[in-house]
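J.: here is a sequence together with a model predicted from it:
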Amino acid sequence: MLTIAWDIDDVLNELMKEWFEKGWNVKHPECKLDYEDLTKNPPHELLGVKKEEYLASLDEFRLNNFSALKPIPEVMDWFLKYGDKCRHIALTSTPLTTAPLSAEWVIRNYGKWIRTFHFIPSPRDGIIIPEYDKTKGEYLAHNKADIIVEDSEENIISAEKAGVKGVLFARPWNSGKNSIEETLYEISNKIF
């Protein structure tokens, strides 16, 4: 049975879109960008702010709204149809302060299938913790997975160096062109 490593934010849910539309734009009505204009991640330069301001805004949104995020319907439908055909793990990058929220969200929404939660702590000023793995590829080099589903091309590259097949989940900040349905079809083709 194959093991799929799933990124959480922007693959299982729409964190960046929700943050941008319900967080950033509400507090910054002068912003003239649409979600589709976020062609870089992190998008602080596009927003005209320092990275620390962007991260503080995203972290605040996570702390106050993450539990209310809905699963992406097409992804949930895929799990309902095919989730029992593989093993699944969550593999995300999130700050230490928001990791418990991510873990709870995954287990509450996808716990029938995703039974383990792993995270690479995103660095934040003033938080010093032991560093085991800097990238998802480093994590996957010594933990089993066959496929990674990810919105970061950097993470896909690092995972593929570790021998894990990557599936890019299209977002405005990456070169993915497939629809969600086409991406899920690609995953299905890899497991059947």
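T.: Alright, I've got the coordinates.

J.: so which bits of the host helix or strand of V26 are buried?
T.: Assigned by DSSP states H and E, V26 belongs to helix 25-27. Across helix 25-27, burial judged by 16 or more other C-beta atoms under 10 Å covers N25. All C-beta spots, glycine's among them, are computed from the backbone N, C-alpha and C.

J.: residue contacts, T116?
T.: I89, A90 (C-beta atoms under 8 Å, 6 or more residues apart in numbering).

J.: that one in helix, strand or coil?
T.: strand (DSSP: H, G, I helix; E, B strand; the rest coil).

J.: and the pLDDT at it?
T.: As predicted, T116 sits at a pLDDT of 96.

J.: which stretches of this protein form helices?
T.: For the chain, the helices defined by DSSP state H cover 15-19, 25-27, 44-47, 51-65, 73-82, 99-110, 136-141, 153-161, 180-191.

J.: for S122, find the nearest of these.
T.: Closest of the helices of the chain to S122 is helix 51-65, at 8.0 Å (criterion: C-beta to C-beta).

J.: got a list of contacts for the closest one?
T.: 15, 18-19, 22-24, 27, 42-44, 47, 94-95, 97-98, 101, 124-125.

J.: go again using 10 Å as the cut-off
T.: 9, 15-16, 18-20, 22-24, 27-28, 42-47, 49-50, 69, 94-95, 97-99, 101-102, 105, 122-125 (C-beta atoms under 10 Å, 6 or more residues apart in numbering).

J.: those residues, buried ones only, as a PyMOL selection?
T.: Remark: buried members of those, expressed as a PyMOL selection using 16+ other C-beta under 10 Å:
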select buried, resi 9+15+16+18+19+20+23+24+43+44+46+47+49+69+94+95+98+99+101+102+105+122+124
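
J.: OK, contacts around H88?
T.: Shown in contact with H88 (C-beta under 10 Å, 6+ apart): 2-6, 79, 106, 110, 112-116, 145, 147, 149.

J.: weed out the non-buried ones from the residues you listed.
T.: 2-6, 79, 106, 110, 113-114, 145, 147, 149.

J.: the spatially closest residue to N174 that is not a sequence neighbour - how many residues pack around it?
T.: Setting aside the residues directly before and after it, N174 is nearest to E153 in space (C-beta to C-beta, 6 or more residues apart in numbering), at 5.2 Å. The burial count assigned to E153 is 16, neighbours taken as other C-beta atoms under 10 Å.

J.: state the distance from the nearest residue to A141 once chain neighbours are set aside to K81.
T.: Nearest residue to A141 in three dimensions, chain neighbours excluded: A162, at 4.2 Å (C-beta to C-beta, 6+ apart). A162 sits at a distance of 28 Å from K81 (criterion: C-beta to C-beta, to the nearest Å).

J.: if we can go back for a sec, distance to Y35 and mean pLDDT added to the helices of the chain, as JSON lines?
T.: Listed next are these as JSON lines, based on distance: least, C-beta to C-beta, whole Å; pLDDT from 0 to 100:
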{"stretch": "helix 15-19", "distance to Y35": "5", "mean pLDDT": "98"}
{"stretch": "helix 25-27", "distance to Y35": "9", "mean pLDDT": "97"}
{"stretch": "helix 44-47", "distance to Y35": "11", "mean pLDDT": "98"}
{"stretch": "helix 51-65", "distance to Y35": "14", "mean pLDDT": "97"}
{"stretch": "helix 73-82", "distance to Y35": "17", "mean pLDDT": "98"}
{"stretch": "helix 99-110", "distance to Y35": "21", "mean pLDDT": "98"}
{"stretch": "helix 136-141", "distance to Y35": "24", "mean pLDDT": "96"}
{"stretch": "helix 153-161", "distance to Y35": "19", "mean pLDDT": "97"}
{"stretch": "helix 180-191", "distance to Y35": "15", "mean pLDDT": "96"}
